[in-house]
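just a sequence and a predicted model for now, questions to come.
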Amino acid sequence: MVSNKLRVLVDYLEGLTAEADLEALEALLGHLDLTRADLGRGVVFSDQRYQRNVISRSPWHELVCICWKPGQSTPIHDHEGSACAFAVIEGVATERRYELADDRHVVPAGSVRLRERCICAAKDADIHAVHNLEDRELITLHIYSPALSKYNVYTLESQLVSVEVELQTVPLLLGAGCERYDWVI
């Protein structure tokens with residue numbers, strides 16, 4: 001069963017008929033004050049890599065609980081065509097930010113440690129990597145709008161590589177045509 005606080009977020013997202021307003025997503029994530037318990041079965045970890053657990057998805061949104069064991073991280077990437085807002089539910093995330101140089105290589109542009117209850121929001125041009133550099137588990141809740149369908153991966157050594165999204169996910173909510181979801185695990 002979805003917690004009442006999470007249901008508020010899922011209902012809002014499932015009602016979208018266009019791209020969500022980034023400031024509204026940021027405010028909603030901050031207002032709800034979600035906990036690990038609220039995410040219930042959305043909290044699933046993997047020993048191999050950070051684990052994406054899809055809670056709700058439609059053409060206009062994707063709500064994903066990402067679970068990280070110590071040392072796990074994303075590649076350097078953007079969210080081409082999608083805005084992203086995420087909240088640190090438990091643990092500490094380190095976000096390393098990058099800029100695209102004239103020769104299409106990325107260069108470091110700083111980093112920030114995001115503690116529990118911190119919210120981070122950015123449009124598609126934001127290039128970053130997220131890491132769990134701590135010695136404990138990290139849980140983050142991400143909203144992409146529209147749903148993430150393509151992104152670019154970068155390395156510090158070479159120019160960008162465009163990637164069609166084929167992410168490792170565990171679908172937690174299923175429904176006909178991705179319109180409405182119910183818990184199945």
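Sure thing, it's come through.

what segments of this structure are helices?
Remark: helices assigned in the chain by DSSP state H are 4-14, 22-32, 36-39.

got the angle for the second one vs helix 4-14?
It refers to helix 22-32. 170 degrees (axes from the mean of the first three to the mean of the last three CA atoms, to 10 degrees).

that older thread, so which of the helices of the chain is nearest T155?
Proximity to T155 (CB to CB) singles out helix 22-32 among these, at 27.3 Å. Bear in mind the C-beta positions are built from the backbone N, C-alpha and C, glycine included.

just the mean pLDDT for that closest one, thanks.
For helix 22-32, mean pLDDT rounds to 92.

which residues does it contact?
5-6, 8-9, 12, 83, 85-87, 117, 119, 121-123, 141, 143, 145 (CB atoms under 8 Å, 6 or more residues apart in numbering).

any of these buried? List them.
Among these, the ones that count as buried by 16 or more other CB atoms under 10 Å are 6, 9, 12, 83, 85-87, 119, 121-122, 141, 143, 145.

in strands, which of those residues appear?
Residues of the buried ones among the contacts of helix 22-32 located in strands (DSSP state E): A83, A85, F86, A87, I119, A121, A122, L141, I143, S145.

pairing partners for the third one in the sheet, please.
The partner list for F86 in beta bridges (DSSP bridges) reads C120, H142.

so who does the residue nearest the centre of the chain touch?
Nearest to the geometric centre of the chain sits H142, at 3.0 Å (CA atoms, centre = their mean). The contact partners of H142, by CB under 8 Å, 6+ apart, come to E62, L63, V64, C65, I66, C84, A85, F86.

out of the ones in strands among the buried ones among the contacts of helix 22-32, which is nearest to Q51?
Taking those together and measuring to Q51 by CB to CB, the closest member is L141, at 13.0 Å.

report pLDDT for that closest one.
98.

can you pull the contacts of it?
L29, L34, L39, L63, V64, C65, I66, F86, A87, I89.
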